[in-house]
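K.L.:
Structure, please.
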Amino acid sequence: GPLARSAEDLTLLLSLAAGPDWADAAGWKLDLPAPRATKPRELRVAVWIEDDFCDIDAESAELLTNAAKALEASGASVDWNARPDLTLAEITECYLILLHAQIGAGMPQSIRDHWAEMKKGLAADDKSHAALQAIGGTLSLAERAIWKETQAQFRWKWHQFFKSYDVVLAPVMMRPAFEHNHDSNWHKRVLEVNGVMRPYMDVLVWAGPAVVSYLPASVAPVGVTSDGKPVGIQIIGPHLEDYTTIAVAAMFEEILGGFTPPDGW
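P.N.:
You can find the predicted model right below:
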């Protein structure tokens with residue numbers, strides 16, 4: 001999606017970029033609804049910052065929590081325990097299997113053969129990143145259809161959830177920016193979070209709720225860590241209600257001050 005310095009700029013970019021492609025332009029147009037709320041007091045918020053399935057950096061969690069509290073203090077109705085009828089583990093499994101199915105289609109046959117051989121030895125309850133990659137990268141058309149049905153069920157559950165809430169506030173990823181690791185085998189890479197070495201591919205987990213269910217998500221800056229790394233909050237909204245998530249990003253701008261260029265830029 002587009003990057004911008006402000007919610008106002010993002011709104012402009014979306015208005016210019018969104019629309020039908022050449023195949024649908026003759027009979028289809030996009031008419032995104034107005035935001036559900038433009039002021040905090042009009043807003044119903046669910047907060048999903050903590051989850052044992054993918055714990056996040058403690059300093060980031062504090063910044064995100066303080067941002068949600070600031071929105072609540074400005075008048076928003078905030079529910080700190082609301083969740084859709086889904087777990088982050090369920091979402092991640094479906095998301096990564098379908099993601100690897102898409103990526104795997106472009107891989108050399110030798111790689112897919114390696115995954116197929118690996119899949120034969122997997123335990124039924126193996127949900128590791130390597131397992132999900134092997135499963136997704138070798139999906140048959142019938143297996144993919146089953147996972148697409150699961151995805152459709154997720155979308156329905158979110159549709160029901162957003163009858164009671166306008167947005168969900170969540171992490172963008174499990175920790176702030178980190179030094180690049182160029183090891184070609186992602187499964188050998190690790191990242192430290194709260195003193196624990198974690199699989200590198202955990203960076204994908206918090207993208208799953210929005211991506212696998214075709215939900216819009218905007219990210220607003222909410223502060224910096226003690227060592228100067230920026231932290232953003234993910235604002236997830238109902239399908240096709242992009243302007244709602246952008247409107248909430250604008251609220252955070254007004255409350256917290258918005259984007260500030262880092263030192264040296």
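K.L.:
Would you mind naming the helix or strand containing Ile111?
P.N.:
helix 109-120 (DSSP states H and E).
K.L.:
Okay, buried residues for that helix please.
P.N.:
Across helix 109-120, burial judged by 16 or more other CB atoms under 10 Å covers Trp115, Met118. Using the backbone N, CA and C atoms, a C-beta is placed for each residue, glycine as well.
K.L.:
helices or strands up against it?
P.N.:
Judged by 3 or more CB pairs under 8 Å, 6 or more residues apart in numbering; DSSP states H and E, helix 109-120 is in contact with helix 88-104, helix 129-137.
K.L.:
which of the ones you listed is buried the deepest?
P.N.:
helix 129-137 (a mean of 22; mean count of other CB atoms under 10 Å).
K.L.:
Mind giving me the packing neighbours of the longest helix anywhere in the chain?
P.N.:
In the chain, with assignment by DSSP state H, the single longest helix is helix 141-161. Judged by 3+ CB pairs under 8 Å, 6+ apart, the packing partners of helix 141-161 are helix 88-104.
K.L.:
Okay, angle between the helix it packs on and helix 129-137 too, please.
P.N.:
Relative orientation of helix 88-104 versus helix 129-137 (axes from the mean of the first three to the mean of the last three CA atoms, to 10 degrees): 60 degrees.
K.L.:
I'd like the distance from helix 88-104 to the chain centre, please.
P.N.:
Remark: helix 88-104 is offset 13 Å from the chain centroid, using CA atoms, centre = their mean, to the nearest Å.
K.L.:
mind listing what the residue nearest to the spatial centre of the chain touches?
P.N.:
Centroid-nearest residue in the chain, with CA atoms, centre = their mean: Ala207, separated by 2.4 Å. Residues near Ala207 by CB atoms under 8 Å, 6 or more residues apart in numbering: Tyr95, Val172, Met173.
K.L.:
which outside residues touch the longest helix of the chain?
P.N.:
Residues outside helix 141-161 that contact it (CB under 8 Å, 6+ apart) are 46, 82, 84-86, 90-91, 94, 97-98, 101, 139, 212-215, 238-239.
K.L.:
What are the contacting residues of the helix holding Ile111?
P.N.:
With contact meaning CB under 8 Å, 6+ apart, helix 109-120 is reached by Gly104, Ala130, Ala131, Gln133, Ala134, Ile135, Gly137, Thr138.
K.L.:
Rounded mean pLDDT for that helix, please.
P.N.:
On average, the pLDDT along helix 109-120 is 94.
K.L.:
tell me the SS of Arg41?
P.N.:
Secondary structure assignment for Arg41 (DSSP: H, G, I helix; E, B strand; the rest coil): helix.
K.L.:
Was I right to think it contacts Val78?
P.N.:
No. Applying CB atoms under 8 Å, one finds Arg41 not in contact with Val78, separated by 11.7 Å.
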